[in-house]
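[1] Kindly generate the corresponding structure for this input.
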Amino acid sequence: MGLITVTHNVDFCVVGGGIAGICAAVSAARHGLIVALMQERPMLGGNASSEIRMWICGCGGKNNRETGILEELQLRSLYQNPYKLYPVWDGILYDLVVSEPNITLLLNTSCCAAEMDGSRISSVTGWQMTTQTWQKVYAPQFSDCSGDSILAPLTGAEYRMGRESKYEFNEQISEDEADCKTMGNSCLIQARKLDTPVRFIAPSFAKKLTKEDVANRRPNIENSAENYWYLELGGDRDTIGDAETLRDELIALAYGMWDYIKNSGEFDADLWQLDFIGFLPGKRESRRMVGDYIMPQTAISSDIHFNDTVAYGGWPLDDHDPGGFWHIGHPNKNGYTPKPYCIPLSVLSSKNISNLWFAGRNISMTHAAMSSSRVMATCALLGQAVGTAAYIAGKYGCTPRQAREEHIDEIQQTLMYDDCFLPYIKYRVSDITLGAELLAEEQSDDLSNLRNGIDRNNHTYGEGEQGAFIKLGSFVKYRLNEAEYVESVRIIFDSDLDRLTLPGDDCERTHTMRANVKPDSPVMHMPLTLVKDFRLEIEEDSGDITVLDFKDNIKRFADIGIGRKIRSASLVPVSLWDGSADGKAHIFSFELR
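    The predicted structure follows:
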C-alpha cells in the first residue's frame, strides 16, 4: 500500500502557524470562514514559541500598543501565566486556535507542493511527519505566513531576496549595489539565577570565545533585557539553503558564549544556570513576496497615509549587519520611524498569483523597510488584516486585488470593529447608537466619547481624552426611541496599553515573556485599569429586564451577542482589577450594533 492522502476542502488555507498565521486564521474563522492552518512545527507561535523564544516587539511610543487578537493573547497570558512560563504560553497559543470550531489545525505538516490552475492556487499539500500522511488542502484563497515564503517557489509567485540598491527606490540606505545578503538567524539563550552556585561544563562542540570576540557583544547577564539576540549568523549566506550548517554554528556559538560567561572569570556568574538554548534558529529575513506595491523605506520615513491602510508599524529601521556576530563593530543600525506609520493592503497580496495573500516578515517591502515591519507585534496586525480581508473577499467572491479596490472601507471598518487601531482613520459608529439617547447615572462632559469612533488616546487623533470615566456601580445607558433589533453590544475597555500598572522595569512590563529568570523576578497581574466585573441590563421589547453579569473579564474588547429587539441597554462597570469598587472605570467605546 502507498501513503495515504487526506484531503480538506476549506474557504481559506493559511500556511505557517507563527504569530501572523495564528492571527490570520483566527480572524478569518471568527468571521465564518472554514480555515485550515498548516504548521510544520509541533507547536504554534514560530519565533515567539518555546522552541525559539524571541520577544514579541512592535510599535514604540505612547498608547501605540497593538490590540486586536494580539492584545487578547497578551492579556490572557497576564491572567494565566503570571510567572511568564513558556509551557503555559505555548498552551495559550494552542488554546486560542483549537477553541475556534472553524479551524482545522495541521501540526507537524510541512508544505511541500502546490497545484495551480493558471494564475490561481487550487491546492497545497504538506507532509505530516507524525501520521506519515499527505495532507492536501483545497481552497479558493491561500495565505503564506510561513516566514520563508514557501509558496513562492511552489507556485511561481514573484519574490525578492537580499538588499536593494539605494538607487532603485531612492532609499536613504548605504548599499550602492544590490546583493543577496540579508539579516541572519539567532539561537537564543535563557538563564536562571539560583540561590546556590552551579558550574557549567561546556560540550566539546562549543565555540571557544576570546575577550576580543565578545568585545562588541559583551553580555549583561543581570539586565532583564539581555536575550542574546546578537548571537546571529548567516546574513552573508543563504538563510534557507544553509540553514542546517548555520544551526550547527549558532548552537556552538551559543554554548560558547555561555561557557565564556561562566568560566572566563570576567562575570559574576556563579549563581547563574543555563535554562535554555534554542536548537531551532529564529530567522529575521529570507524571501519577501512581491505585491502590487513594494513599500520602500522612504514610505515609512515620510509617514505616508495610505488609502488602503490596514495595519501599522513603529519599530525602528533595525538593520542587522549580514556578518552577524563576527562583524567588527555594532551588530545593527537603528533608523528613525514615525510611531505609528501606516502599512497598506497592497503589500499583502501577490502581484501575479491571483488568490494568494501573505503576512509576516515576508510581505512586499524592500529589505530596508522590512527591517522595521518584521517584528512580531506588527506581524500580528498584518495577519489579522489578511484574515479579515480574506473574509471580505470570500463574502463577495472576489480576488484579493478586487477586495482591496472595491471593498477597502468595509475591510478597514471590520478591523476597527475588532479593536484593530488604524492610524488617522476613525471607526464608524452604528446609526442605532448615534440615534439613541445617551444617559448616565452621573452625567459628565466626556460621555459623548463613548460613541466618537476613537478607541484609544493617541496623537494621530489629536491631543485630549478620547474615553469616558464612569463611576463604578453606576450606569451609562442608550435609550431607543422605539424598540429596534440589536445584534450585539461592543465595548472597549482601558487595558493600560503602556502597561504602567504592571510590576518590574520597562522590559518586564512591556514584554509578554522574559529572557532571564531571577528569584525576585516580578509576578505579573492584570492591568489595574481594566474592568474586572461588569453588568449589562437589557430592556426587552416586552419591557422585561434581562441582566447579564460578566465576572473576571480579561478582555479589552467585548463583543456581546444580543440578537433581538430591545428598548434600552445599560452598562454598569462594577469593579476594576485593582480591587476597587468605588473608583471610576475608563471606557473608550459602548455601542449597539
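[2] Of all residues in the chain, which one is nearest the centre?
    residue 380 (2.4 Å; CA atoms, centre = their mean).
[3] and it, helix, strand or coil?
    helix (DSSP: H, G, I helix; E, B strand; the rest coil).
[4] before we move on, what SS does the closest residue to it other than its chain neighbours have?
    Spatial nearest neighbour of residue 380, excluding adjacent residues (CB to CB, 6 or more residues apart in numbering): residue 70 at 3.9 Å. (C-beta placed from N, C-alpha, C; glycine too.) Following three-state DSSP, we place residue 70 in the helix state.
[5] Residue 70 - how many residues pack around it?
    25 (other CB atoms under 10 Å).
[6] quick one: pLDDT of the residue nearest to the centre of the chain?
    pLDDT, residue 380: 99.
[7] And for residue 443?
    Residue 443 is given a pLDDT of 84.
[8] Please apply the same query to residue 1.
    Reported pLDDT for residue 1: 62.
[9] Likewise for residue 159?
    98.
[10] now do residue 516
    94.
[11] Quick check, it in contact with residue 192.
    Yes - counting by CB atoms under 8 Å, residue 192 is a contact partner of residue 516 at 7.0 Å.
[12] separation between residue 342 and residue 310?
    9 Å (CB to CB, to the nearest Å).
[13] Which neighbours do these two have in common?
    Contact criterion CB atoms under 8 Å, 6 or more residues apart in numbering; residues bridging residue 342 and residue 310 by contacting each: residue 422.
[14] neighbour count winner among the two?
    Neighbours were counted for residue 342 and for residue 310 using other CB under 10 Å; residue 310 has more, 27 against 24.
[15] who does the strand or helix carrying the more buried one touch, helix- and strand-wise?
    Following DSSP states H and E, one finds residue 310 within strand 309-313. Counting contacts by 3 or more CB pairs under 8 Å, 6 or more residues apart in numbering; DSSP states H and E, strand 309-313 packs against strand 341-344, helix 376-396, helix 400-417.
[16] Would you mind finding the most buried of these?
    Highest mean neighbour count of these: helix 376-396, a mean of 28 (counted as mean count of other CB atoms under 10 Å).
[17] where do the strands sit along the stretch 451-593 of the chain?
    Applying DSSP state E, counting those that start in this stretch to the stretch 451-593 of the chain gives strands spanning 468-471, 476-493, 531-540, 545-550, 557-576, 584-592.
[18] The second one - what's its average pLDDT?
    To tie it back to what came earlier, the one meant is strand 476-493. 97.
[19] Name every strand pairing with it and say which way it goes.
    Partners of strand 476-493 in the sheet, by DSSP bridges, are strand 437-440 (antiparallel), strand 557-576 (antiparallel), strand 584-592 (antiparallel).
[20] buried ones in the shortest one?
    Meaning strand 437-440. If you call a residue buried by 16 or more other CB atoms under 10 Å, then strand 437-440 has these buried ones: 438, 440.
[21] how about the CA coordinates for the helix or strand of the chain with the lowest mean pLDDT, as CSV?
    In the chain, no helix or strand scores lower on mean pLDDT, DSSP states H and E than strand 332-335, which sits at a mean of 94. Taking Å, rounded to 0.1, in the frame of the first residue of the first chain, the C-alpha atoms of strand 332-335 are listed here in CSV:
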residue,chain,number,x,y,z
ASN,A,332,22.9,46.6,13.9
LYS,A,333,21.9,50.1,12.8
ASN,A,334,18.7,51.7,14.0
GLY,A,335,16.9,54.3,11.9
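[22] Adjacent strands (with direction) for it?
    strand 317-320 (antiparallel).
[23] what about residue 4, distance to residue 115?
    From residue 4 to residue 115 the distance is 18 Å (CB to CB).
[24] higher neighbour count, those two?
    Comparing residue 4 with residue 115 by neighbour count (other CB under 10 Å), the higher total belongs to residue 115, at 14 against 10.
[25] and the more buried one, helix, strand or coil?
    Residue 115 ends up strand, using three-state DSSP.
[26] circling back to that earlier point, ok now do the residue nearest to residue 380, which residues does it touch?
    Taking CB under 8 Å, 6+ apart as the test, what residue 70 contacts is 19, 23, 56, 377, 380, 381, 384.
[27] export those to CSV and tack on distance to residue 462?
    Shown next, in CSV, are the contacts of residue 70 (distance: CB to CB, whole Å):
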residue, distance to residue 462
19, 31
23, 29
56, 29
377, 24
380, 27
381, 23
384, 26
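[28] wait, doesn't the residue nearest to the centre of the chain sit right on residue 24?
    No - assessed by CB under 8 Å, residue 380 is found out of contact with residue 24, at 9.4 Å.
[29] Quick check: neighbours shared by these two?
    By CB under 8 Å, 6+ apart, no residue touches both residue 380 and residue 24.
[30] follow-up on the earlier one: show me what the least confident helix or strand of the chain is in contact with.
    Counting by CB under 8 Å, 6+ apart, 172, 297, 301, 316, 317, 318, 319, 320, 321 sit against strand 332-335.
[31] repeat for stretch 540-551
    Outside stretch 540-551, the residues that reach it (CB under 8 Å, 6+ apart) are 483, 532-539, 558, 560, 564-567.
[32] can you rerun that using 6 Å?
    Contacting residues not belonging to stretch 540-551 are listed as 483, 533, 534, 535, 536, 537, 538, 539, 565 [CB atoms under 6 Å, 6 or more residues apart in numbering].
[33] So which of the strands paired with strand 476-493 is the most surrounded?
    strand 584-592 (a mean of 24).
[34] quick check: angle from it to helix 400-417?
    130 degrees (axes from the mean of the first three to the mean of the last three CA atoms, to 10 degrees).
[35] Show me the contact partners of strand 584-592.
    Against strand 584-592 from outside (CB under 6 Å, 6+ apart): 429, 432-433, 450, 455, 467-472, 478, 486, 490-494, 529, 531, 569, 571, 573.
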